[in-house]
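A.B. asks: Coordinates for the following, if possible.
(one chain, ligands or ions: 3)
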Amino acid sequence: MPSIFAYQSSEVDWCEPNFQYSQLVAEFYNTFSNVTFLIFGPLMTFLMRPYIQKRSRYIYVLFILFTITGLFSMYFHMTLSFLGQMLDEITILWLLASGYSLWLPRCYFPAFLGQNRSRYISLIVIITLVSTFLSFLRPTINAYALNVIGLHIVYIVVQEYKKTNNKELRHLIEVSTVIWALAFTSWISDRLLCSFWQWINFSYLHSIWHVLISFTFPYGIVILAVVDSTYEMPNKTIKVRYWPRDTWPMGLPYVEMGDDHKSC
Ligand SMILES: CCCCCCCC/C=C\CCCCCCCC(=O)N[C@@H](CO)[C@H](O)/C=C/CCCCCCCCCCCCC
Ligand SMILES: [Ca+2]
Ligand SMILES: [Zn+2]
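C.D. replies: Ligands and ions are numbered 1, 2, ... in the order given. Predicted coordinates for the structure are as follows:
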């Protein structure tokens, strides 16, 4: 049985041919396309610092987990090791769990919790701990299970789209849903249609997934922060801004929070 550190000890191998450019890096494009995680994580932490300090310092954990996901994903694609796979997937699991704990609106809580966030967070921690252990049983299905959680997040976002008249929020949801759909299509077709992509000599869909899914992070965070503010902080104003300039046709969304009262 190979060591968990050994190159190619994972049962999962992506469509990109291995060791094409270096003996050290198994999947070159899949490894370096994670660089956007290393940029967006620290950048979003910096841009959203005033919001985080007013809302909850636990949000720092989410941004740190996002950046670590990029590092572990690089390590996984560089080595295709079992350790790399598990570090990558377990970090994503805890990243999603932190997002659910912080921002899931209370109306989506299971009825037996009675809208109590502390009890809900305890439930999320228990489910995530159990899932962490279960992930070692059938490691090949972990990534599919994580995408099912991703589908649930999209479902919630679409429900909020139906409820709101806020044009800015609707725009953010439209853009992020398109980016997520393109990302997911790239991920699944890399998994299921690899022989076709190799036949046309284009086996880089998983690296396209990395770039697109890293863009859904700032969008997802901003959408959830805006939705959360309407439920949890109705007397605070929250403003969506874009980096590097609000006036540019494309940019990274982030939020600023004012402390002025909406109703006086
Ligand atoms: C109410 C819930 C709030 C949760 C908010 C969290 C928002 C998170 C947004 C993005 C996180 C992306 C993390 C992706 C990590 C990619 C690393 C990777 O590529 N790993 C692969 C192997 O290298 C692995 O096979 C991938 C597994 C699937 C991961 C599924 C992630 C689902 C993300 C769903 C984002 C939905 C955004 C919705 C916007 C409309
Ligand atoms: Ca490969
Ligand atoms: Zn990957």
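
A.B. asks: check which helix or strand covers whichever residue of the stretch 1-150 of the chain sits closest to ligand 1.
C.D. replies: With CB to the nearest ligand atom, the shortest gap between the stretch 1-150 of the chain and ligand 1 falls at Gly99, namely 2.5 Å. For the C-beta atoms, the positions are set from N, CA and C on the backbone; glycine is no exception. Using DSSP states H and E, Gly99 sits in helix 82-103.

A.B. asks: Could you give the average pLDDT over that helix?
C.D. replies: Regarding helix 82-103, the rounded mean pLDDT is 98.

A.B. asks: Just give the closest residue to Pro42, not the sequence neighbours.
C.D. replies: Thr67 (6.5 Å; CB to CB, 6 or more residues apart in numbering).

A.B. asks: Next secondary structure after the helix or strand containing Tyr242?
C.D. replies: Secondary structure from DSSP H and E places Tyr242 in strand 238-243. Proceeding N to C from strand 238-243, the next assigned helix or strand is strand 252-257, under DSSP H and E.

A.B. asks: For that following strand, which outside residues touch it?
C.D. replies: Here strand 252-257 makes contact (CB atoms under 8 Å, 6 or more residues apart in numbering) with 40, 43-44, 47-48, 50-51, 54-55, 172, 218-219, 222, 225-226, 229, 236-243.

A.B. asks: Give me the nearest residue to Ser135, chain neighbours excluded.
C.D. replies: Spatially, and ignoring its direct neighbours in sequence, Ser135 is nearest to Asn142 (5.0 Å; CB to CB, 6+ apart).

A.B. asks: Quick one: distance of whichever helix or strand that neighbour is part of to the chain centre.
C.D. replies: Using DSSP H and E, Asn142 sits in helix 142-163. Chain-centre distance of helix 142-163: 11 Å, with CA atoms, centre = their mean, to the nearest Å.

A.B. asks: Let me know whether Val61 touches Ser98 as I believe.
C.D. replies: Yes. With contacts defined as CB atoms under 8 Å, Val61 counts as touching Ser98 at a distance of 5.7 Å.

A.B. asks: Looking at these two, which one has more neighbours?
C.D. replies: Counted by other CB atoms under 10 Å, Val61 and Ser98 do not tie: Ser98 has more neighbours, with 21 against 15.

A.B. asks: on that earlier part again, among the contacts of strand 252-257, which ones are in helices?
C.D. replies: Those of the contacts of strand 252-257 mapping onto helices are 40, 43-44, 47, 50-51, 54-55, 172, 218-219, 222, 225-226, 229, per DSSP state H.

A.B. asks: Tell me the one of these nearest Glu160?
C.D. replies: Val226 (9.0 Å; CB to CB).

A.B. asks: show me what contacts the spatially most central residue of the chain?
C.D. replies: Taking CA atoms, centre = their mean, the centroid of the chain lies closest to Phe217, which sits 5.1 Å from it. Residues in contact with Phe217 (CB under 8 Å, 6+ apart) are Phe40, Met44, Phe66.

A.B. asks: Switch those over to TSV; also include distance to Ser122, neighbour count and pLDDT.
C.D. replies: Output for those, formatted as TSV (distance: CB to CB, whole Å; neighbours: other CB atoms under 10 Å; pLDDT from 0 to 100):
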residue	distance to Ser122	neighbour count	pLDDT
Phe40	30	21	98
Met44	28	24	97
Phe66	23	25	98
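
A.B. asks: returning to what we had before: what about ligand 1: which of the contacts of strand 252-257 touch it?
C.D. replies: Among the contacts of strand 252-257, the ones lying near ligand 1 by CB under 6 Å from any ligand atom are Tyr219.

A.B. asks: Show me which of the contacts of strand 252-257 are buried.
C.D. replies: 40, 43-44, 47-48, 51, 55, 172, 218-219, 222, 225-226, 229, 236, 238, 240, 242 (16 or more other CB atoms under 10 Å).

A.B. asks: Pro105 is in contact with Val226, isn't it?
C.D. replies: No. With contact defined as CB under 8 Å, Pro105 and Val226 do not form a contacting pair (11.4 Å).
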